[in-house]
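A.B. asks: Give me a 3D structure for the following:
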Amino acid sequence: MNSPTLALIRCISLAALLTSPSLAQNAASLGSPQPVVPVARPAIVGVAHIGLRTDDLAAARKFYTGVLGFQEPFSLNKAPGEGTGLLLTYFKVNDHQYIEMFPELTDPKMDRLSHISFETTDAEQMRAYLASRSVKVPEKLEPMQDGNRGFDVIDPDGHDVEFVEFRAGSLHSRNFGKFLPDTRISTRIIHVGVVVKDRAAADRFYKDILGFKLQWQGGMKDTDTDWVAMRVADGTDWLEYMLNVNNRDPHLLGVMHHLSLGVPSIQTGYKLAVERGYRGSEKPQIGRDGKWQYNLYDANFTRVELMEPKPVQKPCCSPIVE
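C.D. replies: Numbers count the residues shown, from 1 in each chain. Model prediction:
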């Protein structure tokens, strides 16, 4: 057999061997390792809601509906197997933002904060992304009672953080454009605040993994940092770290675990609250961030801060990043 013929036979034999699945896989394994394709983080567009606990639903309704002017469009009962009765009710701020109220405050020492929630464009991709970053997530997404898709994780401070994707046919989407009365004292939750013990640990989660960006930081003194505003990755809302909180008294936690409602005029908001019967000791003031603000408190001490989004004087401590 001449040399060219022999070379041709050898090439055909090698090709046949490599087309065998097991042998082809073995041959591939001898090469360089295949790169792992990273999971992209889906958009986090803003605050979806804050979940709060109460032991007096009638008082909560009087405050969130009577004073703040929000409507209560729907509620959910407990799922079968989890007991009977009301699970939560919703106060609607806008089509994508709510205050969720759980009648589960059974001990005066309980934290009034149930959880915070951020809206994402793809809950399943967010679950996969967080898993790829070694965050503990559910193995799969379970159906949500309200018809949306979402899941919860625990942040470094032990706060329950939910990611939700609004879905067609859900309680929320079926009521888009409804329950938006002119009585609303505000049409937007601009931030929520939670106590943070370790800023570096919080930054590893919210900044490094979730892509939140520093917007402003400041304190009671120019040399201190007591508050850190971290803007969501793909929107204008922010999460406020409440630092240097050593007292876990529920009254103080009610001040720290708060929500902030954007208003065009603090004086108008203040006047409206007073006209609706709210009686509080605080008055409107300019905060250390240079913005007008006014604090109200519900019956369980949770602070609701009215805030003008733009500063009217130079902020202390650091500039606000637009």
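A.B. asks: And the strands in the stretch 101-250 of the chain, which stretches?
C.D. replies: Ranges of strands in the stretch 101-250 of the chain, per DSSP state E, counting those that start in this stretch, are 113-120, 149-154, 160-165, 189-195, 213-218, 227-231, 238-242.
A.B. asks: Can you add distance to G269 and mean neighbour count and give these back as a markdown table?
C.D. replies: Placement of C-beta: from N, CA and C, glycine included. Output for these, formatted as a markdown table (distance: least, CB to CB, whole Å; neighbours: other CB atoms under 10 Å):
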| stretch | distance to G269 | mean neighbour count |
| --- | --- | --- |
| strand 113-120 | 23 | 23 |
| strand 149-154 | 31 | 18 |
| strand 160-165 | 28 | 20 |
| strand 189-195 | 13 | 22 |
| strand 213-218 | 22 | 19 |
| strand 227-231 | 21 | 22 |
| strand 238-242 | 19 | 22 |
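A.B. asks: Identify the residues contacting the helix or strand hosting G269?
C.D. replies: Using DSSP states H and E, G269 maps to helix 266-275. With CB atoms under 8 Å, 6 or more residues apart in numbering as the test, helix 266-275 has contacts from 67-69, 185-186, 263, 283-284, 292-294, 296, 306-308.
A.B. asks: need the strands of the stretch 101-250 of the chain in TSV with mean pLDDT, can you?
C.D. replies: Output for the strands of the stretch 101-250 of the chain, formatted as TSV (pLDDT from 0 to 100):
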stretch	mean pLDDT
strand 113-120	98
strand 149-154	98
strand 160-165	98
strand 189-195	98
strand 213-218	98
strand 227-231	98
strand 238-242	98
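A.B. asks: For R303, give me phi and psi.
C.D. replies: The phi/psi pair for R303 (degrees, to the nearest 10) reads phi -90, psi 130.
A.B. asks: count of neighbours near it?
C.D. replies: Counted with other CB atoms under 10 Å, residues neighbouring R303 total 19.
A.B. asks: who's the nearest residue to it once chain neighbours are set aside bridged to?
C.D. replies: Among residues not flanking R303 along the chain, H258 sits closest, at 4.0 Å (CB to CB, 6 or more residues apart in numbering). Using DSSP bridges, the beta-bridge partners of H258 come out as G193.
A.B. asks: just use 36 as the starting number from now, easier for me
C.D. replies: Fine by me, first position is 36 from now on; the one you just mentioned is H293.
A.B. asks: who touches H293 in this structure?
C.D. replies: Going by CB under 8 Å, 6+ apart, H293 touches 227-228, 337-340.
A.B. asks: and the gap between it and H131?
C.D. replies: In this view, H293 and H131 are 20 Å apart by CB to CB, to the nearest Å.
A.B. asks: again with R219
C.D. replies: Distance, R219 to H131, using CB to CB: 14 Å.
A.B. asks: Number of residues surrounding the residue lying closest to R96 once chain neighbours are set aside?
C.D. replies: Distance criterion CB to CB, 6+ apart; nearest residue to R96, sequence neighbours excluded, is E107 at 6.7 Å. When counting by other CB under 10 Å, one arrives at 16 neighbours for E107.
A.B. asks: Likewise for Q328?
C.D. replies: Neighbour count of Q328, defined by other CB under 10 Å: 19.
A.B. asks: And the helices in the protein, which stretches?
C.D. replies: Applying DSSP state H to the chain gives helices spanning 38-54, 56-64, 92-96, 158-167, 234-238, 285-291, 301-310.
A.B. asks: residues making contact with the fifth one?
C.D. replies: What it means is helix 234-238. 190-192, 231, 260, 263, 276, 278.
A.B. asks: Throw the strands of the stretch 136-285 of the chain into JSON lines and include distance to R209, thanks.
C.D. replies: Putting the strands of the stretch 136-285 of the chain into JSON lines (distance: least, CB to CB, whole Å) gives the following:
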{"stretch": "strand 148-155", "distance to R209": "17"}
{"stretch": "strand 184-189", "distance to R209": "15"}
{"stretch": "strand 195-200", "distance to R209": "16"}
{"stretch": "strand 224-230", "distance to R209": "21"}
{"stretch": "strand 248-253", "distance to R209": "34"}
{"stretch": "strand 262-266", "distance to R209": "30"}
{"stretch": "strand 273-277", "distance to R209": "29"}
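A.B. asks: how about these, which one is nearest Y313?
C.D. replies: With CB to CB, the closest approach to Y313 among those belongs to strand 224-230: 18.8 Å.
A.B. asks: Give the other helices and strands that the closest one contacts.
C.D. replies: Where contact means 3 or more CB pairs under 8 Å, 6 or more residues apart in numbering; DSSP states H and E, strand 224-230 is packed against strand 79-88, strand 148-155, strand 273-277, helix 285-291, strand 293-297.
A.B. asks: now the residue nearest to R338: how far from E310?
C.D. replies: H293 is 23 Å from E310, where distance means CB to CB.
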